[in-house]
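Undergrad: sequence unknown, structure follows:
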C-alpha cells in the first residue's frame, strides 16, 4: 500500500484543535453511559461519550497521513511518556505516538480522554506547532 503524504493543511487541521483541547476546564468526556444492570442481571459495560471537539480531533488524527501502520504499542506508549523525547520528536515519531493515541480507544474505553487530560495530546500538538513554524 502506498503511503499517503502529509500536507501542511493536515498539520494545520490538527493544530486548530489545540486551543480547545488545552482550554482550562475542558472535559473531553461529556458523560459515561452504560454501567448498569438490568432486571435479568445483564450488565452493560460503561462507555465514554466524548465531546464533539474530541470526536472531530480523533477523526482527523485517524487519517491515513497520520497513521504509522508499523507502530508497536508498547514502544509508542513509552515514547509518549518521555517528555524530553516528545519535545524534540520528528514528524515520523509524532505519527507513531499519535497512532498510539488514536488506536488505544479500541482496547480501553476512555483512552482518548486520558490522552487529553494527562497532557499527551497537548505536548504532541505543541511539538507539531514548533515543527510547522520551521
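TA: Looks like it arrived, so ask away. Since this is a predicted model, take the numbers as computed values, not measurements.
Undergrad: what is the burial count for residue 74?
TA: Residues lying near residue 74 (other C-beta atoms under 10 Å) number 9. (Each C-beta comes from the backbone N, C-alpha and C, glycine too.)
Undergrad: right, I mislabeled it, should have said residue 56
TA: Counted with other C-beta under 10 Å, residue 56 comes out at 15.
Undergrad: pull the distance from the host helix or strand of it to the chain's centre.
TA: Residue 56 is located in helix 52-61, with elements delineated by DSSP states H and E. Relative to its chain's centre, helix 52-61 lies at 8 Å (C-alpha atoms, centre = their mean, to the nearest Å).
Undergrad: now the element after it, going C-ward?
TA: helix 73-81.
Undergrad: got a list of contacts for that next one?
TA: Contact with helix 73-81 is made by 68, 85-86, 89, 93, 96-97, 99-101, 103-104, 120, 124, as judged by C-beta atoms under 8 Å, 6 or more residues apart in numbering.
Undergrad: so for the next helix or strand after that helix, mean pLDDT?
TA: As assigned by DSSP H and E, the chain's next helix or strand after helix 73-81 is helix 83-87. Averaging pLDDT along helix 83-87 gives 98.
Undergrad: show me which of the contacts of helix 73-81 are buried.
TA: 68, 86, 89, 93, 96-97, 99-101, 103-104, 120, 124 (16 or more other C-beta atoms under 10 Å).
Undergrad: tell me the one of those nearest residue 26?
TA: residue 120 (14.4 Å; C-beta to C-beta).
Undergrad: separation between that closest one and residue 127?
TA: Distance, residue 120 to residue 127, using C-beta to C-beta, to the nearest Å: 11 Å.
Undergrad: cool, and residue 74?
TA: 21 Å.
Undergrad: with residue 93 instead?
TA: Separation of residue 93 from residue 127 (C-beta to C-beta) stands at 9 Å.
Undergrad: all set, thanks.
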